[in-house]
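**Q** What would the 3D arrangement of this be:
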Amino acid sequence: MDQHTTSALTVWHDGACPLCRREIAVMRRLDRAGAIDFIDVAAEDAACPIDRRDLLARFHARENGVLLSGAAAFAAMWRAIPLLRPLGLAARSPIVLAGLEQLYLLFLRARPLLQRTMRKWERT
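**A** Here you go, the predicted model:
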């Protein structure tokens, strides 16, 4: 059985990515109720429901047993955090979610450059 089953929401993130580390740190602080089970996919012992490469390529979450990816996964995470819940609820609209997914795809294209920039900042 998966060791991460206490939360209604599980989020897989890339702990080796400086962008992801910062974002997840913010989400952990906002998740005061502990509603989200965060799993670092970069860890060797991480429980992965799909291929690790797929989990590293796109953001994934499992909400109420349903595996989500991309903007839908972000929206699920937002719904679990009271401060961000209105954004997550708005993303239940197919039009809003489609727009967020397009923004997420743009981000994925810029991600390698942003990661390199963040790594340079971390070294200085």
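**Q** what helix or strand is residue 120 on?
**A** Using DSSP states H and E, the element containing residue 120 is helix 94-123.
**Q** Now do that helix: distance to the chain's middle.
**A** Remark: helix 94-123 is offset 12 Å from the chain centroid, using C-alpha atoms, centre = their mean, to the nearest Å.
**Q** Show me what that helix is packed up against.
**A** Judged by 3 or more C-beta pairs under 8 Å, 6 or more residues apart in numbering; DSSP states H and E, helix 94-123 is in contact with helix 18-30, helix 71-80. In this view, the C-beta of every residue, glycine as well, is placed from N, C-alpha and C.
**Q** Single out the most deeply packed of those.
**A** Most buried of those by mean neighbour count (mean count of other C-beta atoms under 10 Å) is helix 71-80; its value is a mean of 23.
**Q** ok, residues contacting whatever helix or strand comes next after that helix?
**A** Reading on from helix 71-80 to the C-terminus, the next helix or strand found by DSSP H and E is helix 85-90. The contact list for helix 85-90, computed with C-beta atoms under 8 Å, 6 or more residues apart in numbering, reads 75, 76, 77, 78, 79, 80, 81, 96.
**Q** So which bits of the strand or helix carrying residue 67 are buried?
**A** Take DSSP H and E as the rule and residue 67 turns out to sit in strand 66-69. Residues of strand 66-69 classed as buried: 68, 69 (neighbour count, 16 or more other C-beta atoms under 10 Å).
**Q** Can you tell me the closest non-neighbouring residue to residue 40?
**A** Excluding its sequence neighbours, the residue lying closest to residue 40 (C-beta to C-beta, 6 or more residues apart in numbering) is residue 15, at 3.5 Å.
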